[in-house]
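1. just need the structure, nothing else, for what follows:
(chains A, B, C and D)
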2 protein chains.
Amino acid sequence: MKIWDNLYLGNLRKMEKYKILLVDDHQILLEGTRTLIDTSELFTVADTANSARVAMELLKANDYDILITDYEMPEMTGMELVQLAKASCPDIKTIILSMHDDPSVVKELLKTGVDGYVLKNDTHQSIKDALDKVTRGKKFLSEDISEILIQGIDNDQKNTLLTPREEEILKLIAKEFSTKQIAEILFISERTVETHRKNILKKTGSTNLVGLIKYAYANKLV
Amino acid sequence: MKIWDNLYLGNLRKMEKYKILLVDDHQILLEGTRTLIDTSELFTVADTANSARVAMELLKANDYDILITDYEMPEMTGMELVQLAKASCPDIKTIILSMHDDPSVVKELLKTGVDGYVLKNDTHQSIKDALDKVTRGKKFLSEDISEILIQGIDNDQKNTLLTPREEEILKLIAKEFSTKQIAEILFISERTVETHRKNILKKTGSTNLVGLIKYAYANKLV
DNA sequence: TTGCCTATACCGATTACTAGGTATGTCTAC
DNA sequence: GTAGACATACCTAGTAATCGGTATAGGCAA
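-> Numbering: from 1, shown residues only, chains lettered A, B, ... in the order given. Prediction:
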């Protein structure tokens, strides 16, 4: 069944349920969510997959109206799965189920064209709300997301705190290269590396290597 | 109902269900798991809590047979909750629900006297198996745990790599204290700190601060 | 075009860290 | 009771990092 049918034949809704593909590498969450969704009269979990690979095979072989997927998975992220799914089934609606409230992740997802984003620590009602919204062609975001996006603005500044070159050098520092080695690797003078290093220290507000590395960890440059 | 009743009056099982307190900060998992458990004739989720604090209040006010709790929670870990629960209700059976397959965590939990350990990426049947086992006074571990414990043996060597004093000093280094400052904090000579530092470097196989910090991160000393 | 940012480069002084050592008192285990 | 591990402390030397500057060339935007 195509979702769009309902735009014209709304009362057909009860005749055939929306077919959902549910993807999560945590079996328990998979089964729990399935149980929740299957209590609905409008939706049914047609298939479940515990890996992105299996999900892709199912997507190729079958027609689903909605893809609900975990974000964190071994083989690929939920976002990559969404992109692949949209490529092979342009009409499919996608909902990400995640415990990630990391602003950068959320922003990236929204850019990719995900239809719904549900935090795992939200109530299960939010899954139902999300399903309802996306089938009506709208977007759904868990309540906390707007706050997260506001936080994200601050983080953008942090991300642009370092210039690309400085970031490059910080990464090399984090790989245990000395100033001399970095100079050799980048074909620049040791003095230049020292200056960059100095500027990074100043920008990150740290006084030694340790602070630098901690900053690198915090900003996922390692 | 006390679990022990059933040791003498096995056929009473059907008369009253085991009362479970279910704790998880992820609302969706909470509700999903509740739905799963409530299909059982032997068990019922008497209460749920989405924080350790709430859980403790419920534990004080009510009688539960079994505590099922998430491991990763904001206020305290599942293990700490288990310890507190056992302290106030010695007879309570405890099951940890976790996605942690980190050997050190699993080992610590087992030492604490947790009755069951279920990985979140296990099937929901394993929750039922766990409930069944712990009510019969046995322990339950998800299948993958044995492998994890074998891995853990290697990790033990890593954990005992550093002496307590060295670990203490590494923690201070990671807090951006210089050798001089550490000496002042610990009331020891700079020389001593230098020696420790040297030994840590040698043991971790690194040649500078960066390697030290990365080791500290890898071993969760930060 | 003028001003700001960035990347580049250098200098000098000081501090901190790394890498070899040696040595001693304490405590634990065999 | 003796060997081994640990924490303690010191020495010398060399290397690396930090902190204070200054300076120039290129790009981009007001």
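
2. quick one: is stretch A:167-184 near DNA strand D?
-> Yes - judged by Cβ under 7 Å from any atom of the strand, stretch A:167-184 comes into contact with DNA strand D through A:S178, A:T179, A:K180. To be clear about C-beta, it is placed using only N, CA and C from the backbone, and glycine gets the same treatment.

3. now do the second one, the pLDDT please.
-> Going back to what we said before, that points to A:T179. Note on A:T179: pLDDT of 90.

4. I'd assumed A:E190 was in contact with it.
-> Yes - the criterion here is Cβ atoms under 8 Å, and A:T179 meets it with A:E190 at 5.5 Å.

5. which of these two has more neighbours?
-> Taking other Cβ atoms under 10 Å in any protein chain shown, A:T179 and A:E190 do not tie; A:T179 has more neighbours (17 against 14).

6. could you find the closest non-adjacent residue to the more buried one?
-> Excluding the flanking residues, the one nearest A:T179 by Cβ to Cβ, 6 or more residues apart in numbering or on different chains is A:V193, at 4.9 Å.

7. what about the one you found, distance to chain B?
-> Per Cβ to the nearest Cβ, to the nearest Å, A:V193 is found 15 Å from chain B.

8. is any residue of the helix or strand hosting that residue near DNA strand D?
-> Following DSSP states H and E, one finds A:V193 within helix A:190-204. Yes - using Cβ under 7 Å from any atom of the strand, we find that helix A:190-204 touches DNA strand D at A:E194, A:T195, A:R197, A:K198, A:L201.

9. report how many residues lie close to the last one.
-> By other Cβ under 10 Å, 16 other residues sit near A:L201.

10. wait, A:A216 touches A:I169, no?
-> No - contact criterion Cβ under 8 Å: A:A216 and A:I169 do not qualify, at 10.7 Å.

11. neighbour-wise, which of the two wins?
-> A count of neighbours by other Cβ under 10 Å puts A:I169 above the other of A:A216 and A:I169, at 27 against 23.

12. name the nearest residue to the more buried one, sequence neighbours excluded.
-> A:H196 (4.7 Å).

13. so which strand or helix has the residue in chain A that chain B sits nearest to?
-> Residue of chain A nearest chain B, by Cβ to the nearest Cβ: A:G32 (2.1 Å). In this structure, A:G32 is located in helix A:27-38 according to DSSP H and E.

14. remind me what the helix or strand following that helix packs against, helices and strands.
-> Sequence order places strand A:43-49 as the next helix or strand after helix A:27-38, per DSSP H and E. Strand A:43-49 is packed against strand A:18-23, helix A:27-38, helix A:52-61, with contacts defined by 3 or more Cβ pairs under 8 Å, 6 or more residues apart in numbering or on different chains; DSSP states H and E.

15. how far away is A:D70 from DNA strand D?
-> 39 Å (Cβ to the nearest atom of the strand, to the nearest Å).

16. please read the previous query as pertaining to A:F140.
-> Distance, A:F140 to DNA strand D, using Cβ to the nearest atom of the strand: 36 Å.

17. now A:L97
-> Relative to DNA strand D, A:L97 is positioned 39 Å away (Cβ to the nearest atom of the strand).

18. what about the helices in chain A?
-> For chain A, applying DSSP state H gives helices covering A:5-8, A:27-38, A:52-61, A:78-88, A:103-112, A:125-135, A:144-159, A:164-174, A:179-186, A:190-204, A:209-218.

19. got a list of what A:N62 touches?
-> A:N62 makes contacts with A:K19, A:L21, A:A46, A:D47, as judged by Cβ atoms under 8 Å, 6 or more residues apart in numbering or on different chains.

20. how far away is it from DNA strand C?
-> Taking Cβ to the nearest atom of the strand, one finds A:N62 at 49 Å from DNA strand C.

21. are any of the residues of helix A:190-204 next to DNA strand D buried, and which?
-> Those of those that meet the buried threshold are A:R197, A:L201, by 16 or more other Cβ atoms under 10 Å in any protein chain shown.

22. of all the residues of helix A:190-204 next to DNA strand D, which comes closest to A:E75?
-> Of all these, A:E75 sits closest to A:R197, with 37.7 Å by Cβ to Cβ.

23. and A:Y217, how many neighbours?
-> If you count neighbours by other Cβ under 10 Å, A:Y217 ends up with 15.

24. likewise for A:D63?
-> A:D63: 13 neighbours (other Cβ under 10 Å).

25. repeat for A:I20
-> For A:I20, the neighbour count with other Cβ under 10 Å is 25.

26. just A:N50 next, same as before
-> 19.

27. again, but for A:G205
-> Using other Cβ under 10 Å, A:G205 has 8 neighbouring residues.
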